[in-house]
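In: Generate a structure from the sequence data that follows.
(one chain, ligands or ions: 2)
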Amino acid sequence: MAALMHSDIVKAPKALLHDHLDGGLRPATILELADAIGHPLPAGDPQALGEWFVAAADSGSLERYLETFAHTVAVMQTEAGLHRVAKECALDLSADGVVYAEVRYAPEQHLERGLTLDRVVDAVNSGFVDGAAEAAAQGRPIRVGVLLTAMRHAARSQEIAELAVRYRDQGVVGFDIAGAEAGFPPTRHLDAFEYLQRENFHFTIHAGEAFGLPSIWQAIQWCGADRLGHGVRLVDDITGHRGEGAVLGRLSAYVRDKRIPLELCPSSNVQTGAARSIAEHPIGLLHDLRFRVTVNTDNRLMSGTSMSREMALLCEAFGWGWAELRWLTINAMKSAFIPFDERLAIIDEVIKPAYAKLLA
Ligand SMILES: O=c1[nH]cnc2c1ncn2[C@H]1C[C@H](O)[C@@H](CO)O1
Ligand SMILES: [Zn+2]
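Out: Ligands and ions are numbered 1, 2, ... in the order given. The predicted model follows:
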């Protein structure tokens, strides 16, 4: 059977758990916002700027990949800029057929022009509300939940964790830490994670992307992460290959037994060197071994991608079809940070009926 086409996949409902707000701007918007504040950019038209981001992020190193965010974060320092970026994010995801998205960003990176943390969160939230309302009016409803990220090299995780909890009834559904992984273990932020656990709050941790098993082990066993951002290096704890009786070590077995969700981001991993190619991406093995695998975009701008494109690439590389896309989508929805009854409603009322038709 021919691989599913991108245009088919756009029409299917999708759930996205790992998408950075500051990694998903429209190039045209960056140009306009940068012009208004006099921020110099490496290219002068939307096409060339989009290509510049992908090429610069295609670096083979997480540290260099992260340098490209200087240009997106620079134009997200005002309420109007943040509102616009969030609104367009909701619209772009819904146009791609995403029905549920958790979008993350680090409020502490948006204070350069005098905003407070609360004003940053308010501006982003209102942008998402307006974008979701417009998407619904266009007949493509989307639910957006926000994750607040703390930067792992900085020292504001406790403050950001408290901010997330304060906004838990106003659109913020979880917490995360991101940034360079090597040299910045998750246990540096143990106080924040312990606080979040006492508050019965949800969090994910970027771990096992640029650094290996110790980072994943700390995220799960010291910090108590609900999910793993990437977690792709978990394969270092699995011996053997696809279809050849792979053997799980203690940590990978624990992650699988506990159904800890993996937020895998195939294109991003190829760009930062965490995987050699999509075809060689560990998602094939992790799928075969029935880990709780989810597919994500990470940074749509830096990877020139979308949920539908990531899925199309996987269908092409692994011969996957609607059955696998349904499995991935339900895995993601089961792993979302919104309440159980709301997750179930999206699975039963939106995802299952749509995939039943596609599979028929
Ligand atoms: O894949 C990633 N790994 C670690 N950090 C990341 C990744 N993608 C984005 N970030 C960082 C850069 C952003 O400025 C920050 C908040 O979204 O998170
Ligand atoms: Zn990420």
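In: Stretch 148-164: how far from the chain's middle?
Out: Centroid displacement of stretch 148-164 relative to its chain, using C-alpha atoms, centre = their mean, to the nearest Å, is 17 Å.
In: got it, and stretch 295-304?
Out: In this view, stretch 295-304 has its centroid 8 Å away from the chain centroid, taken as C-alpha atoms, centre = their mean.
In: how far does it stretch from start to finish?
Out: Start-to-end span of stretch 295-304 (C-alpha to C-alpha, to the nearest Å) is 16 Å.
In: outside of it, which residues touch it?
Out: For stretch 295-304, contacts defined as C-beta atoms under 8 Å, 6 or more residues apart in numbering pick out 16-20, 23-25, 27, 50-51, 53-54, 56-57, 65, 68, 72, 92, 263-268, 271, 283, 305-307, 310-311, 314, 328, 332. The way it works is simple: take the backbone N, C-alpha and C, and place the C-beta from them, glycine included.
In: how about the strands in this protein?
Out: In the chain, the strands defined using DSSP state E lie at 14-20, 98-105, 143-151, 172-178, 204-207, 227-230, 238-239, 247-248, 262-264, 293-295.
In: if we can go back for a sec, take the contacts of stretch 295-304 and keep only those in helices.
Out: 27, 50-51, 53-54, 56-57, 65, 72, 92, 266-268, 271, 283, 307, 310-311, 314, 328, 332 (DSSP state H).
In: so which of these are also by ligand 1?
Out: Filtering the ones in helices among the contacts of stretch 295-304 for proximity to ligand 1 by C-beta under 6 Å from any ligand atom leaves S268.
In: Return a PyMOL selection command for the buried portion of the ones in helices among the contacts of stretch 295-304.
Out: Buried members of the ones in helices among the contacts of stretch 295-304, defined by 16 or more other C-beta atoms under 10 Å, are picked up in PyMOL with:
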select buried, resi 27+50+53+54+56+57+65+72+92+266+267+268+271+283+307+310+311+314+328+332
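In: Show the low-confidence segments of the chain, by residue range.
Out: Residue ranges of the chain with pLDDT under 70: 1.
In: What residues does it have near ligand 1?
Out: 20, 22-23, 62, 66, 69, 73, 104-106, 109, 149, 178-179, 206, 209, 268, 298-299.
In: And these, which of them are buried?
Out: 20, 22-23, 62, 66, 69, 73, 104-106, 109, 149, 178-179, 206, 209, 268, 298-299.
In: Can you say which of the strands of the chain is nearest to H287?
Out: Checking the strands of the chain against H287 by C-beta to C-beta gives strand 293-295 as the closest, at 5.4 Å.
In: from the middle of its chain, how far away would the closest one be?
Out: For strand 293-295, the distance to the chain centre is 10 Å (C-alpha atoms, centre = their mean).
In: in that strand, what's buried?
Out: V293, T294, V295.
In: ok, now stretch 134-150?
Out: A135, R140, I142, R143, V144, G145, V146, L147, L148, T149, A150.
In: from the residues you listed, which two are the most distant?
Out: R140 and A150 (32.0 Å).
In: which ones are touching the residue of the stretch 51-200 of the chain found nearest ligand 1?
Out: Closest approach between the stretch 51-200 of the chain and ligand 1, counting by C-beta to the nearest ligand atom: A178, at 3.5 Å. By C-beta under 8 Å, 6+ apart, A178 lies in contact with H20, R104, A106, T149, A150, M151, R152, H206, G229.
In: need these in CSV with distance to I220, can you?
Out: Listed next are the contacts of A178 as CSV, based on distance: C-beta to C-beta, whole Å:
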residue, distance to I220
H20, 22
R104, 19
A106, 22
T149, 19
A150, 18
M151, 21
R152, 16
H206, 13
G229, 12
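In: Cheers, nothing more for now.
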